[in-house]
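**Q** pasting a predicted model and its sequence here:
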Amino acid sequence: MRSVIIAVLACLVLSAPAMARNVEVTLPKEEGSSSMEFRAKALDEAFVEAVLQESRTLLPATLSQSREALFREALERKAGYYVLGYDSVKVTPSEEGISLTANVNVNRTALREGLKSMGLFATATKPIPVSFAVGELSAEDTSQLAGLMELTGVESASSGVAKFGLDKNEKGIFEAHLKAPGAMWQARGKDLPVVWDQVWSKYFERKLAAQPKTGAATLRIAGWFTPDGAREFDRVLRKWDGAVSDVRLVELDMLASGVSGMWEIRIRNRALLTGRLDAFLPDRGLSYTLSADDE
(Lines give C-alpha, C1' and ligand atoms only; values in the text may rest on other atoms or scores of the structure.)
Protein backbone atom coordinates (compact mmCIF):
# COMPACT_ATOMS: atom_id res chain seq x y z
CA MET A 1 0.00 0.00 0.00
CA ARG A 2 1.22 3.47 -0.86
CA SER A 3 2.15 5.40 2.24
CA VAL A 4 2.94 9.09 2.15
CA ILE A 5 5.15 10.18 4.99
CA ILE A 6 4.55 13.85 5.59
CA ALA A 7 6.05 13.88 9.08
CA VAL A 8 9.49 13.31 7.61
CA LEU A 9 9.52 16.91 6.37
CA ALA A 10 9.75 18.18 9.93
CA CYS A 11 12.91 16.15 10.43
CA LEU A 12 14.75 17.54 7.42
CA VAL A 13 16.94 20.59 7.29
CA LEU A 14 15.06 22.99 5.05
CA SER A 15 18.03 25.03 4.01
CA ALA A 16 21.80 24.80 3.91
CA PRO A 17 22.97 28.21 5.14
CA ALA A 18 26.54 27.10 5.83
CA MET A 19 29.05 24.61 4.53
CA ALA A 20 32.26 23.48 6.22
CA ARG A 21 35.25 23.25 3.88
CA ASN A 22 38.42 21.44 4.90
CA VAL A 23 41.21 23.29 3.10
CA GLU A 24 45.00 23.23 3.11
CA VAL A 25 47.26 26.11 2.03
CA THR A 26 51.03 26.45 1.84
CA LEU A 27 52.90 29.73 2.04
CA PRO A 28 56.62 30.35 1.46
CA LYS A 29 58.65 31.82 4.30
CA GLU A 30 58.81 35.63 4.47
CA GLU A 31 61.67 37.49 6.00
CA GLY A 32 60.76 39.84 8.82
CA SER A 33 57.36 38.26 9.58
CA SER A 34 56.66 36.92 13.04
CA SER A 35 55.21 33.43 13.43
CA MET A 36 51.88 34.96 14.52
CA GLU A 37 51.72 37.24 11.47
CA PHE A 38 52.67 34.34 9.20
CA ARG A 39 49.96 32.13 10.69
CA ALA A 40 47.35 34.90 10.31
CA LYS A 41 48.28 35.35 6.65
CA ALA A 42 47.99 31.59 6.06
CA LEU A 43 44.57 31.56 7.72
CA ASP A 44 43.41 34.42 5.48
CA GLU A 45 44.55 32.39 2.48
CA ALA A 46 42.59 29.40 3.81
CA PHE A 47 39.47 31.60 3.96
CA VAL A 48 40.00 32.62 0.32
CA GLU A 49 40.44 29.01 -0.77
CA ALA A 50 37.35 27.81 1.13
CA VAL A 51 35.15 30.55 -0.33
CA LEU A 52 36.53 29.92 -3.82
CA GLN A 53 35.77 26.19 -3.57
CA GLU A 54 32.24 26.89 -2.34
CA SER A 55 31.67 29.40 -5.14
CA ARG A 56 32.43 26.71 -7.71
CA THR A 57 29.51 24.66 -6.39
CA LEU A 58 27.14 27.64 -6.40
CA LEU A 59 27.77 29.10 -9.84
CA PRO A 60 25.81 27.69 -12.81
CA ALA A 61 28.93 27.50 -14.99
CA THR A 62 32.70 27.20 -14.59
CA LEU A 63 34.63 30.47 -14.75
CA SER A 64 37.51 30.74 -17.21
CA GLN A 65 40.98 30.38 -15.74
CA SER A 66 41.74 34.10 -16.06
CA ARG A 67 38.37 35.11 -14.64
CA GLU A 68 38.75 32.78 -11.66
CA ALA A 69 42.20 34.27 -11.01
CA LEU A 70 40.63 37.74 -10.90
CA PHE A 71 37.90 36.40 -8.62
CA ARG A 72 40.52 35.00 -6.26
CA GLU A 73 42.16 38.44 -6.12
CA ALA A 74 38.79 40.01 -5.28
CA LEU A 75 38.27 37.45 -2.51
CA GLU A 76 41.44 38.67 -0.81
CA ARG A 77 39.33 41.70 0.12
CA LYS A 78 35.95 40.00 0.52
CA ALA A 79 36.42 36.42 1.75
CA GLY A 80 36.05 37.40 5.41
CA TYR A 81 32.48 38.55 4.79
CA TYR A 82 31.48 35.00 3.88
CA VAL A 83 33.22 33.08 6.68
CA LEU A 84 31.21 32.24 9.79
CA GLY A 85 34.11 30.64 11.65
CA TYR A 86 36.75 27.94 11.58
CA ASP A 87 38.21 25.14 13.67
CA SER A 88 40.55 22.17 13.54
CA VAL A 89 43.52 24.37 12.64
CA LYS A 90 46.77 22.49 12.13
CA VAL A 91 50.03 24.30 11.35
CA THR A 92 53.02 22.45 9.96
CA PRO A 93 56.20 24.55 9.73
CA SER A 94 59.11 23.66 7.48
CA GLU A 95 62.34 25.23 6.27
CA GLU A 96 60.54 26.49 3.15
CA GLY A 97 57.52 28.02 4.90
CA ILE A 98 54.29 26.88 6.50
CA SER A 99 51.36 24.57 5.70
CA LEU A 100 48.02 25.20 7.36
CA THR A 101 44.87 23.11 7.31
CA ALA A 102 41.56 24.37 8.68
CA ASN A 103 37.89 23.50 8.66
CA VAL A 104 36.31 26.75 7.40
CA ASN A 105 32.57 27.35 7.81
CA VAL A 106 31.31 29.30 4.76
CA ASN A 107 28.02 31.22 4.82
CA ARG A 108 26.45 29.91 1.61
CA THR A 109 23.50 32.30 1.74
CA ALA A 110 25.70 35.39 2.02
CA LEU A 111 28.10 34.07 -0.60
CA ARG A 112 25.28 33.38 -3.05
CA GLU A 113 24.07 36.97 -2.69
CA GLY A 114 27.62 38.25 -3.06
CA LEU A 115 28.13 36.30 -6.28
CA LYS A 116 24.89 37.74 -7.62
CA SER A 117 25.87 41.33 -6.81
CA MET A 118 29.25 40.82 -8.51
CA GLY A 119 27.48 39.72 -11.69
CA LEU A 120 28.89 36.20 -11.60
CA PHE A 121 25.46 34.58 -11.75
CA ALA A 122 24.06 36.77 -14.52
CA THR A 123 27.19 36.58 -16.69
CA ALA A 124 28.51 33.11 -15.86
CA THR A 125 27.82 31.84 -19.37
CA LYS A 126 27.67 35.01 -21.46
CA PRO A 127 28.99 38.58 -20.99
CA ILE A 128 26.71 41.60 -21.08
CA PRO A 129 27.37 44.23 -23.80
CA VAL A 130 27.79 47.70 -22.29
CA SER A 131 28.43 51.10 -23.85
CA PHE A 132 31.54 52.65 -22.22
CA ALA A 133 32.58 56.31 -21.98
CA VAL A 134 35.89 56.51 -20.11
CA GLY A 135 38.00 59.60 -19.52
CA GLU A 136 41.77 59.79 -19.44
CA LEU A 137 43.24 57.13 -17.15
CA SER A 138 46.75 55.98 -16.31
CA ALA A 139 48.03 52.68 -17.66
CA GLU A 140 47.59 51.17 -14.20
CA ASP A 141 43.99 52.37 -13.93
CA THR A 142 43.22 51.12 -17.43
CA SER A 143 44.60 47.68 -16.59
CA GLN A 144 42.57 47.58 -13.37
CA LEU A 145 39.42 48.57 -15.25
CA ALA A 146 39.96 45.80 -17.79
CA GLY A 147 40.26 43.29 -14.95
CA LEU A 148 37.03 44.52 -13.35
CA MET A 149 35.23 44.23 -16.67
CA GLU A 150 36.36 40.63 -17.17
CA LEU A 151 35.56 39.68 -13.57
CA THR A 152 32.08 41.20 -13.69
CA GLY A 153 31.32 39.84 -17.14
CA VAL A 154 30.73 43.03 -19.10
CA GLU A 155 32.22 43.89 -22.46
CA SER A 156 32.45 47.14 -24.35
CA ALA A 157 29.97 47.50 -27.22
CA SER A 158 28.86 50.43 -29.36
CA SER A 159 25.30 49.93 -28.15
CA GLY A 160 24.72 47.98 -25.00
CA VAL A 161 21.97 47.24 -22.53
CA ALA A 162 23.59 49.76 -20.16
CA LYS A 163 25.84 52.80 -20.43
CA PHE A 164 28.81 53.18 -18.11
CA GLY A 165 30.87 56.34 -17.64
CA LEU A 166 34.09 56.78 -15.65
CA ASP A 167 36.34 59.78 -15.00
CA LYS A 168 39.17 60.55 -12.60
CA ASN A 169 39.59 64.13 -11.39
CA GLU A 170 42.76 66.01 -10.50
CA LYS A 171 42.49 64.89 -6.85
CA GLY A 172 42.57 61.23 -7.84
CA ILE A 173 38.88 60.65 -7.20
CA PHE A 174 37.06 58.25 -9.51
CA GLU A 175 33.55 59.29 -10.54
CA ALA A 176 31.35 56.63 -12.10
CA HIS A 177 27.79 56.54 -13.37
CA LEU A 178 25.79 53.68 -14.77
CA LYS A 179 22.57 54.12 -16.74
CA ALA A 180 20.04 51.41 -17.51
CA PRO A 181 16.47 51.74 -18.78
CA GLY A 182 14.57 53.51 -16.03
CA ALA A 183 17.47 53.82 -13.58
CA MET A 184 20.85 55.47 -12.96
CA TRP A 185 23.45 54.95 -10.25
CA GLN A 186 26.47 57.04 -9.28
CA ALA A 187 29.50 56.51 -7.07
CA ARG A 188 32.78 58.24 -6.31
CA GLY A 189 35.92 57.44 -4.35
CA LYS A 190 39.65 56.77 -4.53
CA ASP A 191 39.36 52.98 -4.80
CA LEU A 192 38.29 51.96 -8.30
CA PRO A 193 37.10 48.42 -7.35
CA VAL A 194 34.91 49.88 -4.59
CA VAL A 195 33.43 52.51 -6.92
CA TRP A 196 32.84 49.85 -9.57
CA ASP A 197 31.12 47.52 -7.09
CA GLN A 198 28.86 50.29 -5.81
CA VAL A 199 27.23 50.91 -9.19
CA TRP A 200 27.33 47.43 -10.70
CA SER A 201 25.97 45.66 -7.61
CA LYS A 202 22.86 47.84 -7.82
CA TYR A 203 22.51 47.04 -11.52
CA PHE A 204 22.65 43.28 -10.98
CA GLU A 205 20.34 43.40 -7.97
CA ARG A 206 17.78 45.22 -10.12
CA LYS A 207 18.35 42.90 -13.08
CA LEU A 208 17.83 39.74 -11.02
CA ALA A 209 14.78 41.17 -9.27
CA ALA A 210 13.19 41.92 -12.65
CA GLN A 211 13.70 38.40 -13.99
CA PRO A 212 10.72 36.04 -13.83
CA LYS A 213 11.08 33.25 -11.33
CA THR A 214 11.96 29.83 -12.64
CA GLY A 215 8.91 27.59 -12.69
CA ALA A 216 8.59 24.68 -10.33
CA ALA A 217 9.55 21.21 -11.53
CA THR A 218 9.04 17.78 -10.03
CA LEU A 219 11.90 15.36 -9.47
CA ARG A 220 11.11 11.72 -8.64
CA ILE A 221 13.80 9.25 -7.62
CA ALA A 222 13.27 5.56 -6.90
CA GLY A 223 15.37 2.65 -5.73
CA TRP A 224 16.34 3.20 -2.09
CA PHE A 225 16.14 0.37 0.44
CA THR A 226 15.28 2.67 3.38
CA PRO A 227 14.00 6.25 3.86
CA ASP A 228 17.44 7.21 5.21
CA GLY A 229 18.84 7.05 1.68
CA ALA A 230 16.27 9.57 0.44
CA ARG A 231 16.97 11.87 3.38
CA GLU A 232 20.69 11.76 2.69
CA PHE A 233 20.09 12.59 -0.99
CA ASP A 234 17.89 15.50 0.11
CA ARG A 235 20.94 16.99 1.83
CA VAL A 236 23.03 16.42 -1.30
CA LEU A 237 20.43 17.99 -3.60
CA ARG A 238 20.25 21.15 -1.48
CA LYS A 239 23.97 21.69 -2.06
CA TRP A 240 23.58 21.79 -5.85
CA ASP A 241 22.87 25.52 -5.77
CA GLY A 242 24.16 26.16 -9.26
CA ALA A 243 21.63 23.69 -10.64
CA VAL A 244 18.54 24.05 -8.41
CA SER A 245 16.94 26.25 -5.76
CA ASP A 246 13.91 26.14 -3.48
CA VAL A 247 14.28 22.40 -2.89
CA ARG A 248 11.37 20.79 -1.03
CA LEU A 249 10.88 17.11 -0.30
CA VAL A 250 7.11 16.63 -0.50
CA GLU A 251 6.63 12.89 -0.51
CA LEU A 252 8.20 9.56 0.39
CA ASP A 253 6.65 6.35 -0.92
CA MET A 254 7.47 3.06 0.75
CA LEU A 255 6.59 0.17 -1.53
CA ALA A 256 7.51 -3.51 -1.67
CA SER A 257 9.97 -2.64 -4.45
CA GLY A 258 11.72 0.03 -2.36
CA VAL A 259 11.54 3.69 -1.35
CA SER A 260 10.98 6.56 -3.75
CA GLY A 261 10.91 10.29 -3.13
CA MET A 262 9.37 13.29 -4.83
CA TRP A 263 10.86 16.79 -4.69
CA GLU A 264 9.54 20.13 -5.85
CA ILE A 265 12.43 22.25 -7.12
CA ARG A 266 13.21 25.31 -9.19
CA ILE A 267 15.72 24.61 -11.93
CA ARG A 268 18.56 27.08 -12.39
CA ASN A 269 20.51 25.06 -14.95
CA ARG A 270 18.79 21.97 -16.37
CA ALA A 271 21.89 20.62 -18.14
CA LEU A 272 23.94 20.91 -14.95
CA LEU A 273 21.20 19.21 -12.92
CA THR A 274 20.72 16.26 -15.29
CA GLY A 275 24.49 15.84 -15.58
CA ARG A 276 24.81 15.58 -11.80
CA LEU A 277 21.85 13.22 -11.54
CA ASP A 278 23.27 10.99 -14.29
CA ALA A 279 26.63 10.90 -12.53
CA PHE A 280 25.25 10.38 -9.01
CA LEU A 281 22.29 8.01 -9.28
CA PRO A 282 22.98 4.99 -11.58
CA ASP A 283 25.95 3.66 -9.59
CA ARG A 284 23.69 3.63 -6.54
CA GLY A 285 20.95 1.67 -8.27
CA LEU A 286 18.65 4.69 -8.47
CA SER A 287 16.54 6.06 -11.34
CA TYR A 288 14.81 9.41 -11.80
CA THR A 289 12.18 11.30 -13.78
CA LEU A 290 12.22 15.07 -14.10
CA SER A 291 9.22 17.09 -15.23
CA ALA A 292 9.48 20.15 -17.45
CA ASP A 293 9.70 23.40 -15.50
CA ASP A 294 7.49 26.37 -16.23
CA GLU A 295 10.08 28.75 -17.66
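**A** Thanks, I have it.
**Q** list the contacts of the nearest residue to residue 237 once chain neighbours are set aside.
**A** Ranked by Cβ to Cβ, 6 or more residues apart in numbering and with sequence neighbours excluded, the top spatial neighbour of residue 237 is residue 247, at 5.5 Å. Placement of C-beta: from N, CA and C, glycine included. By Cβ atoms under 8 Å, 6 or more residues apart in numbering, the residues touching residue 247 are 234, 237-238, 263-265.
**Q** which of the residues you listed are buried?
**A** By neighbour count, with 16 or more other Cβ atoms under 10 Å, these hold 234, 237-238, 263, 265 as buried.
**Q** what strand or helix carries the residue nearest to residue 237?
**A** Using DSSP states H and E, residue 247 sits within strand 244-255.
**Q** quick check: buried residues in that strand?
**A** Judged by neighbour count (16+ other Cβ under 10 Å), strand 244-255 contains these buried residues: 244, 247, 249, 251-254.
**Q** ok, now stretch 53-62?
**A** Under the neighbour-count criterion of 16+ other Cβ under 10 Å, stretch 53-62 has 54-55, 58-60 buried.
**Q** end-to-end on it?
**A** One end of stretch 53-62 sits 11 Å from the other (Cα to Cα, to the nearest Å).
**Q** same question for stretch 50-67.
**A** 17 Å.
**Q** who's in contact with that stretch?
**A** By Cβ under 8 Å, 6+ apart, the list of residues contacting stretch 50-67 reads 19, 21, 23, 68, 71-72, 75, 78-79, 82-83, 102, 104, 106, 108, 111-112, 115, 120-121, 124-125, 150-151, 153, 239-243, 268-269, 272.
**Q** just the buried members of those?
**A** The buried subset of the contacts of stretch 50-67 - by 16+ other Cβ under 10 Å - is 19, 21, 23, 68, 71-72, 75, 78-79, 82-83, 102, 104, 106, 108, 111-112, 115, 120-121, 124, 150-151, 153, 239-243, 268-269, 272.
**Q** now do the contacts for residue 234.
**A** Contacts were defined as Cβ under 8 Å, 6+ apart; by that measure residue 234 touches 12, 247, 249, 261, 263.
**Q** any idea which helix or strand carries the fourth one?
**A** In this case it means residue 261. Going by DSSP H and E, residue 261 is part of strand 258-267.
**Q** before we move on, back to that, residue 136: which of the buried residues of strand 244-255 is nearest?
**A** When the buried residues of strand 244-255 are ranked by distance to residue 136 (Cβ to Cβ), residue 244 comes first, at 47.1 Å.
**Q** from the contacts of residue 234, which is closest to residue 198?
**A** Nearest to residue 198 out of those is residue 247 (Cβ to Cβ; 33.0 Å).
**Q** how close does the closest one get to residue 261?
**A** 11 Å (Cβ to Cβ, to the nearest Å).
**Q** equivalent analysis for residue 105, please.
**A** Applying Cβ to Cβ, the value for residue 105 to residue 261 is 28 Å.
**Q** ok, now residue 146?
**A** Applying Cβ to Cβ, the value for residue 146 to residue 261 is 48 Å.
**Q** comparing those two, which shows the higher neighbour count?
**A** Each of residue 146 and residue 261 has its neighbours counted (other Cβ atoms under 10 Å); residue 261 has more, 25 against 12.
**Q** got the contact list for the more buried one?
**A** Taking Cβ under 8 Å, 6+ apart, one finds 220-222, 224, 230, 233-234, 249, 251-253 in contact with residue 261.
**Q** what about 7 Å?
**A** 221, 230, 249, 251-252 (Cβ atoms under 7 Å, 6 or more residues apart in numbering).
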